[in-house]
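Student: Need a 3D model of the sequence below.
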Amino acid sequence: MPLSLGAHVGQQNLSMDELRKLWRKLDDGGMDWISAWDHFYESPPKTSEEPHFEALATLGALAAETRHARIGCLVFYVGYRNPTLLAKAATTLDHITGGRFEIGLGAGWHIWEATAYGYAFPDIGTRLDMLDEAVQIVRRMLTEERTDFNGKHFQAVDASCLPRSVQPRLPIWVGGLGEKRTLKIAAEHADGWNAAYLSPQEFRRLNGVLEQWCEEVGRDPTQIRRAVNLAFNLGVDEVEVKRQHRQLASDWGGMAERVSGGALLCTPDQAVERLAEYRDAGVDEINIALRAPWREEALDAYLSEVMPQARAL
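Tutor: Numbers count the residues shown, from 1 in each chain. Next up is the predicted model:
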């Protein structure tokens, strides 16, 4: 099966008209997947002064503007919205797209925006407990006639979710890198696992951990798709690649070294080989993470040169 190639688009530093134009370009350009991210402030965190749109409302516009690509959010932080609401929203978006929506769930990390907006941001163990409950509720809401769930963090009482989703089994993605809890939750409940900014070597290692969890919980590992998000720092030539190195360091600060290991920080000719490394590491889907501003000629080269060659690997 050829690699699925998509874009993870941050809805920041762009007007809604600019986002709509971009989504149409990506959809018409053959992207298999287009997603938003779930933040109130810019990512990576800076001054909280960059314009940024809310995820669910943005997804409604993305759903209406596209015709071909699967769409989703990688990933919703389960502390911002009750999972019953997320299940209802997922069904609605699946109808808007005619069966192209997939939902991603995660334990969150952006404590600065959560604090600013008045959301509790408990310790990581508690947030993973919340994720575990949320995935179960969303799955049941999307597949059962009525859902009862009495968890420590979330509840549902005889809840229905009508109309049913267009897809008989609307896919649920779990995002994150945690070996002890996140990957176990993915093995138990998810249709896909999404990881951000990993090198091919580290993805291979964590993919092996996921396979071990699948064996332990009795899950067929072939039922779970594997996706990686790569920072988009493509340069049309070596001079531009050097500038991208400096830009990545400026954007990410102390996180730059880790992120650069999972970045498309190269020329278009080198990018095909880079994507092949991820395929060989077990990746099914590769999404470039777009943060405005980027070089339009680099994105054009990715769409017209890199993607056709990568699909032919």
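
Student: can you pull out the strands in the stretch 101-250 of the chain?
Tutor: Secondary structure of the stretch 101-250 of the chain (DSSP state E, counting those that start in this stretch): strands located at 101-106, 147-150, 155-159, 172-175, 192-196, 225-232.

Student: and stretch 185-194, how far from the chain's centre?
Tutor: The chain centre lies 13 Å from the centre of stretch 185-194; the measure is CA atoms, centre = their mean, to the nearest Å.

Student: For Glu145, give me the pLDDT.
Tutor: Looking at Glu145, its pLDDT stands at 96.

Student: How about the contacts made by the nearest residue to it once chain neighbours are set aside?
Tutor: Closest residue in space to Glu145, ignoring its immediate chain neighbours: Ser160 at 6.7 Å, by CB to CB, 6 or more residues apart in numbering. Where C-beta positions appear, they are placed from N, C-alpha and C, glycine not excepted. By CB atoms under 8 Å, 6 or more residues apart in numbering, the contact set of Ser160 is Glu145, Arg146, Thr147.

Student: which one of the residues you listed sits closest to Arg291?
Tutor: Checking the contacts of Ser160 against Arg291 with CB to CB, the nearest one is Thr147 at 36.9 Å.

Student: Distance-wise, check the closest one relative to Leu265.
Tutor: 45 Å (CB to CB, to the nearest Å).

Student: Equivalent analysis for Cys214, please.
Tutor: In this view, Cys214 and Leu265 are 32 Å apart by CB to CB.

Student: quick one: which of these two has more around it?
Tutor: Leu265 (23 against 20; other CB atoms under 10 Å).

Student: Spit out the contact partners of that one.
Tutor: By CB under 8 Å, 6+ apart, Leu265 lies in contact with Ala231, Asn233, Leu234, Gly235, Val241, Gln244, His245, Leu248.

Student: Backbone dihedrals for it, please?
Tutor: For Leu265, the backbone dihedrals (degrees, to the nearest 10) come out as phi -110, psi 80.
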